[in-house]
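> Got a predicted model here, sequence first, then my questions.
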Amino acid sequence: IPLCKPCDTIMEKRHWEATACCDCLAHTCRRKKELKARTVWLGCPEKCEEKYPRNAIKNQKYNIFTFVPGVLYQQFKFFLNLYFLVVACSQFVPSLKIGYLYTYWAPLGFVLAVTMVREAVDEVRRYQRDKEMNSQLYSKLTNQRIPADMIFLRTTEKNGACFIRTDQLDGETDWKLKVAVSCTQRLPALGDLFSISAYVYAQKPQLDIHSFEGNFTREDTDPQIHESLSIENTLWASTVVASGTVIGVVIYTGKETRSVLNTSYAKNKVGLLDLELNRLTKALFLAQVVLSIVMVALQGFVGPWFRNLFRFVVLFSYIIPISLRVNLDMGKSAYGWMIMKDENIPGTVVRTSTIPEELGRLVYLLTDKTGTLTQNEMIFKRLHLGTVSYGTDTMDEIQSHIVQSYAQSQAAAPKVRKSVSSRIHEAVKAIALCHNVTPVYESRAGVNGETESAEADQDFSDDNRTYQASSPDEVALVRWTESVGLTLVNRDLTSLQLKTPSGQILTFYILQIFPFTSESKRMGIIVREESTGDITFYMKGADVAMASIVQYNDWLEEECGNMAREGLRTLVVAKKSLSEEQYQDFENRYNQAKLSIHDRALKVAAVVESLEREMELLCLTGVEDQLQADVRPTLELLRNAGIKIWMLTGDKLETATCIAKSSHLVSRNQDIHVFRPVSNRGEAHLELNAFRRKHDCALVISGDSLEVCLRYYEHEFVELACQCPAVVCCRCSPTQKAQIVRLLQQHTANRTCAIGDGGNDVSMIQAADCGIGIEGKEGKQASLAADFSITQFKHIGRLLMVHGRNSYKRSAALGQFVMHRGMIISTMQAVFSSIFYFASVPLYQGFLMVGYATIYTMFPVFSLVLDQDVKPEMALLYPELYKDLTKGRSLSFKTFLIWVLVSVYQGGILMYGALVLFESEFVHVVAISFTALILTELLMVALTIRTWHWLMVVAEFFSLGCYVASLAFLNEYFDLSFITTRAFLWKVCAITLVSCLPLYIIKYLKRKFSPPSYSKLSS
């Protein structure tokens, strides 16, 4: 329940996005607004003098004022569209007018209308999503995301603490323990929060989600109460309260919350293919201007030559056809439709329809771990006792040993000798006691509607129990002990209760608990058994930490290695029995160390370490974090396709390394170089040198070390990391994930793809050239922010290998063919003008030009979006085919030059052929050359196609039929009596044959003597 909010006023800022400069300026202004520390009074919003942002999120790119200028700018910043606008505007000048206005303005208007409608639909969807989120009213939060950053004041839990889930903020699945401010937790009643005079001082908002500094002050007591606040007293926005009810005071809202500060703003993504085509159109424009100058020069620069020059530029404007943008945009929409209709990847959604070709050009894939590669469901897989090992298929043996050992102890309680049965009993008991798990029972409504929480404490029924812990590993271990007969039924701050297979309750008093830290890599607990009074110290931890603590053995290291190779997360469990005197001595020293002022942490650690000696090794456990379906074959497929995979996770180093092995992100025979923690330039330099000496090994690095390396040795680090077959970055903040993406883009100039499922992956997804979101268990934040949304990680294989590859190859062929269609007619115009005294008169006028670009050739040319070189099954079977695409050979200056030569040859043949064969009238030249041109284009489409589709055949015959049918109405341009003669037919067939036959022969010879890789497979 937010007691008060910093303020309820709204600071509105108009954000103009008409130009990139304005966009950048606005972004800078928004960032530069000084963030300030604040004092928030409990229950007294009127005491707040500062104005703070309203608690709302905004994902829209435009507002009502900036939409039209913003969209127009995004369109006309491309040379192609700007060129068409200038040419279309020139037709308003009478002396420059070449044809009808509609031949220039209709296509341009169509392109802009389609773009505006598409952008408007996207904007409305974003607005509706934002409105739905922002209109939610909160006063009490029940299993919902916390809507603003808060200080934790009070909870219903007896121990004054609660667990929260932070997976959408930092990607970690461990539940975090948060502690209420002790001053407010001690208040007798909830209402007292409003009657006390108290305030919270909070530091200014900042990016770091793992730190906070503040103070809580209560003024109406003598003396005043001052309490320092740290990260453990905070509840950040986007986290979920997992236990109890909490009451908090809001300190940061809206764009000042940690989650929003760590989210980057969406950018307009432009595909590499579009940029390449933009470069080619600039080259074509240059050729067009040169051709126009040549024409004017051959005229001898006579008369108003400058006006003639511009008329020639307009006359040759078909070199760059406006239908290029129309065809490509419609092609992109078709690819998006094909992706969403693919039954093999159900539930896939294309949210950004402008970049499907990017899926075919990827070199780096940056993936999250939790929820993306893994299901985040831990399953107990292996128990190893040194001489004997138990797997999932032999767990029933363990169960029978446990039942047997407790039956014996109840019957006669003999001295248990160290048999296998007793060793299993000791191991299972240790696992059931050494943890931080709390069983929780759902309170059931009583007769009066009140909850019977008191009853619930006695109701230890299995179906009513759930477990809470700061780590899913812990829960997996306790669930396993329950499955073999030893059940954790109750826990509070001072005791634990276990239920045996026969239903007997065993009580253990918790004397001390030593929590897990990333430095110690282990946790311990000292318990006293109620029935016997025996004191035992149990400890479990990572093998590297425990190897020196347990008694000498010859199997631990080897078995840990074996389990790690299987991808299991290992924990070593050990115990030590303590006498009453030993424990009292330890407790005195421990309490003394905790009270010391200087070097407290070191002294406490030293006392605990005095116990951690010669411990009895009980067992080694193996827990598996279940991978998503088909993760291993999918990663192998991507690797074979030449895609380098980097795993960026907020999780711990050990966990990340384990998943990298189990998912085969790092292959079995590969070494792993764990980058040691570095904090300054010197350490970073030494560690980088050590890493440079390693060859063909995967890199594992933490976020802190990465930051230090990037500060001092950015270029060197990226260069080394890019040579690695795989890279794992653990403990990454959301901002760091996005920073890594941008680094790869800057240093390698290759295309990047980011995939994730949580709110902490949004920045990375938006920064990448192509962002893919997975609809996870934890909401749709990543899925909504992504360009493509999928339901399972395994779908990425088909999305890239089949759809990405096809989209790129089809668009490359379509783009070049549309350019060829423009260049061939411009060549004919140039030949015509040069023969007829360099007159700037159009060869084909009015409807002939419009018909040529639309009804006569549009459908066959557009049918190229259905073309494919290999079947989808073949593309998935041979992912190496994908590797060729990254070199960009389907659309390059080389392929473009070949199309230019083809266009010049065909245009020349068609025009000269018609001039040579025409008899008496010029109108015959137009009829012969135009008909031959249409036939040539239809034959060239047939030549380009690699796999025929029935719609392609329909399109070819439909276009030919349309042309033949329209001849009856084109008497303005053609002599109808001449068209029906036999002479017309043989002349058209002869010219068409000369223009196309050599190309068919060349294609046949090329396929026979130098076939492309895909044709070898298809044959």
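Structure received. Keep in mind that this is a model prediction, so the values were computed, not measured. Residues are numbered from 1 along each chain as shown.
> Quick one: the helices in the stretch 551-700 of the chain, in order.
With DSSP state H, counting those that start in this stretch as the criterion, the stretch 551-700 of the chain has helices at 556-565, 580-595, 600-611, 631-640, 653-662, 681-692.
> what's in contact with the fifth one?
By C-beta atoms under 8 Å, 6 or more residues apart in numbering, the list of residues contacting helix 653-662 from outside reads 369, 373-374, 518, 521, 542, 564-569, 624-625, 627, 647, 649, 665-666, 668, 672, 674, 698, 700, 702, 726, 728, 730-731. Bear in mind the C-beta positions are built from the backbone N, C-alpha and C, glycine included.
> how much space is there between the closest residue to H685 other than its chain neighbours and L42?
Nearest non-adjacent residue to H685, counting by C-beta to C-beta, 6 or more residues apart in numbering: Y713, 7.1 Å away. As judged by C-beta to C-beta, to the nearest Å, Y713 and L42 stand 48 Å apart.
> neighbour count winner among the two?
L42 (21 against 17; other C-beta atoms under 10 Å).
> quick one, what contacts the more buried one?
Per C-beta under 8 Å, 6+ apart, neighbours of L42: L3, C4, L153, L193, F194, I196, A198, Y199, V200, V249.
> TSV for those residues, including pLDDT and distance to V900?
Shown next, in TSV, are the contacts of L42 (pLDDT from 0 to 100; distance: C-beta to C-beta, whole Å):
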residue	pLDDT	distance to V900
L3	41	72
C4	42	70
L153	92	73
L193	87	78
F194	85	79
I196	89	82
A198	92	78
Y199	92	74
V200	93	70
V249	92	70
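> how about these, which pair is most distant?
Maximum pairwise distance in the contacts of L42, criterion C-beta to C-beta, is 14.8 Å, between F194 and V200.
> Just checking the distance from stretch 591-602 to the centre of its chain.
When distances are taken as C-alpha atoms, centre = their mean, to the nearest Å, stretch 591-602 is centred 45 Å away from the chain's centroid.
> Kindly tell me how buried L635 is, as a neighbour count.
Counted with other C-beta under 10 Å, L635 comes out at 27.
> ignore the last one, T992
Residues near T992, counting by other C-beta under 10 Å, number 22.
> And the pLDDT at the spatially most central residue of the chain?
Nearest to the geometric centre of the chain sits I755, at 2.8 Å (C-alpha atoms, centre = their mean). pLDDT recorded at I755 is 96.
> in which helix or strand would I find it?
Counting by DSSP states H and E, the element that carries I755 is strand 751-756.
> Equivalent analysis for G851, please.
Here G851 sits within helix 847-853, counting by DSSP H and E.
> Who are the packing partners of that helix?
helix 102-134, helix 922-944 (3 or more C-beta pairs under 8 Å, 6 or more residues apart in numbering; DSSP states H and E).
> Can you give me the buried ones in stretch 928-942?
Neighbour-count burial for stretch 928-942, with 16 or more other C-beta atoms under 10 Å as criterion, is recorded at 928-941.
> Ok, stretch 359-378 next?
Neighbour-count burial for stretch 359-378 [16+ other C-beta under 10 Å]: 359-376, 378.
> what sits against the residue nearest to H685?
A684, H685, L688.
> Can you add neighbour count, pLDDT and distance to K883 and give those back as CSV?
What follows is those, written out as CSV (neighbours: other C-beta atoms under 10 Å; pLDDT from 0 to 100; distance: C-beta to C-beta, whole Å):
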residue, neighbour count, pLDDT, distance to K883
A684, 24, 95, 34
H685, 15, 95, 35
L688, 17, 94, 30
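> can these go into TSV with extra columns for distance to T234?
Shown next, in TSV, are the contacts of Y713 (distance: C-beta to C-beta, whole Å):
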residue	distance to T234
A684	31
H685	36
L688	36
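> before we move on, the earlier item: give me the buried entries from the contacts of helix 653-662.
Buried among these (16+ other C-beta under 10 Å): 369, 373-374, 521, 542, 564, 567-569, 624-625, 627, 647, 649, 665-666, 698, 700, 702, 726, 728, 730-731.
> List the ones among the residues you listed that fall in strands.
Judged by DSSP state E, strands contain the following of the buried ones among the contacts of helix 653-662: T374, R569, E624, D625, L627, M647, A698, V700, S702, A726, V728, C730.
> Surely the third one touches K381?
Yes. Proximity of E624 to K381 meets the contact threshold set by C-beta atoms under 8 Å, at 4.8 Å.
> what do the two both touch?
By C-beta under 8 Å, 6+ apart, E624 and K381 have these common neighbours: L568.
> Could you look up the next helix or strand downstream of the strand holding I755?
Next along the chain from strand 751-756, counting by DSSP H and E, comes helix 762-767.
> what's the offset of that following helix from the middle of its chain?
6 Å.
> Same question for stretch 242-262.
That offset, for stretch 242-262, works out to 24 Å (C-alpha atoms, centre = their mean).
> Tell me the span between the first and last residue of that stretch.
The first and final residues of stretch 242-262 sit 23 Å from each other (C-alpha to C-alpha, to the nearest Å).
> Domains in this structure, by residue range?
The chain is divided into the following domains under the TED database: 322-345+798-1016, 364-373+628-790, 376-402+421-440+465-624.
> Okay, strands next: where are they in the stretch 51-200 of the chain?
Assigned by DSSP state E, counting those that start in this stretch, the stretch 51-200 of the chain shows strands spanning 149-155, 161-165, 176-179, 198-202.
> What of the stretch 201-350 of the chain?
214-218, 225-229, 234-235, 240-241, 246-252, 349-350.
> could those be laid out in JSON lines, adding distance to S966?
Formatted as JSON lines, the strands of the stretch 201-350 of the chain follow (distance: least, C-beta to C-beta, whole Å):
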{"stretch": "strand 214-218", "distance to S966": "78"}
{"stretch": "strand 225-229", "distance to S966": "80"}
{"stretch": "strand 234-235", "distance to S966": "72"}
{"stretch": "strand 240-241", "distance to S966": "66"}
{"stretch": "strand 246-252", "distance to S966": "68"}
{"stretch": "strand 349-350", "distance to S966": "37"}
